[in-house]
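Student: Build me a structure from this.
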Amino acid sequence: MSDSSKIHLAVTVNNIKNFIPITLEMEKSQYSFWSGLFKNHCRAYEVLEHIIPATSDDSSSTTPPTPPPTRNASWGRLDAIVLQWIYGTISLDLLRTVYKEDSTAQKAWDRLKGIFQDNKNSRAVHLQHQFVNTRLKNFPDASTYCQELKILANQIGTVGPAIEED
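Tutor: Prediction:
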């Protein structure tokens, strides 16, 4: 069997929600968690270059740089699959914001990244406000409360401090 007749692993994914069980929403500040799961999934299914192109400027490497992927019909189909994965794991509000006709997975990925990381200062302030105002009385038990604080602390660490000290 020739390489061109082999089925790519990504084609076998029937339900992306089995692998990425959360829906990325603007209000929940979970971009770093969602993007980590998504990148790991793409790595496992050998389509990471559809959202994060390989860079060939690593001067410390002794191996020759990997050429960019050939963009043929197969590449286009895989890109459409990855784009469906993105669209299938984000909220309707985010989908309306990032959707562009004839987009690529990388362009959609970059638009999402821009939404969540271009406004790091305001996101950090929002997360810090959430952290400070999280109260035990709003949770059924201490374990759930601590888990929420841990999630918020991780998210604050991802975006960095809202106000930098001089």
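Student: Which stretches in this protein count as helices?
Tutor: 31-44, 73-88, 92-98, 105-117, 120-132, 142-159 (DSSP state H).
Student: contacting residues around residue 44?
Tutor: residue 9 (C-beta atoms under 8 Å, 6 or more residues apart in numbering). No exception for glycine: its C-beta is placed from N, CA and C like everyone else's.
Student: lowest average confidence, helix or strand, in this structure?
Tutor: helix 120-132 (a mean of 78; mean pLDDT, DSSP states H and E).
Student: from the middle of its chain, how far away would that helix be?
Tutor: 20 Å (C-alpha atoms, centre = their mean, to the nearest Å).
Student: Same question for stretch 101-120.
Tutor: 9 Å.
Student: which residues sit against that stretch?
Tutor: 24, 26, 31, 35, 50-53, 79-80, 82-83, 85-87, 90, 94, 97-100, 123, 159-160.
Student: how far away is the residue nearest to the spatial centre of the chain from residue 42?
Tutor: With distances taken as C-alpha atoms, centre = their mean, residue 35 lies nearest the centre of the chain, 2.1 Å away. Here the criterion is C-beta to C-beta, to the nearest Å. By it, residue 35 lies 10 Å from residue 42.
Student: Same question for residue 151.
Tutor: From residue 151 over to residue 42 (counting by C-beta to C-beta), the distance is 23 Å.
Student: How about residue 107?
Tutor: The value you get for residue 107 to residue 42, if C-beta to C-beta is used, is 15 Å.
Student: Of the two, which one has the most company?
Tutor: Under the criterion of other C-beta atoms under 10 Å, the comparison of residue 107 against residue 42 puts residue 42 first, with 21 against 15.
Student: what about the closest residue to the more buried one other than its chain neighbours, how many neighbours?
Tutor: Spatial nearest neighbour of residue 42, chain neighbours left out: residue 48 (4.3 Å); criterion: C-beta to C-beta, 6 or more residues apart in numbering. Residue 48 has 17 neighbours, counted by other C-beta under 10 Å.
Student: Repeat that for the one 5 residues further on.
Tutor: As a burial measure, residue 53 scores 11 neighbours (other C-beta under 10 Å).
Student: per-residue confidence at it?
Tutor: For residue 53, the pLDDT comes out at 87.
Student: can you give me phi and psi for it?
Tutor: In terms of degrees, to the nearest 10, the main-chain angles of residue 53 are phi -60, psi 140.
Student: returning to what we had before: please identify which of the helices of the chain is closest to residue 10.
Tutor: helix 73-88 (5.1 Å; C-beta to C-beta).
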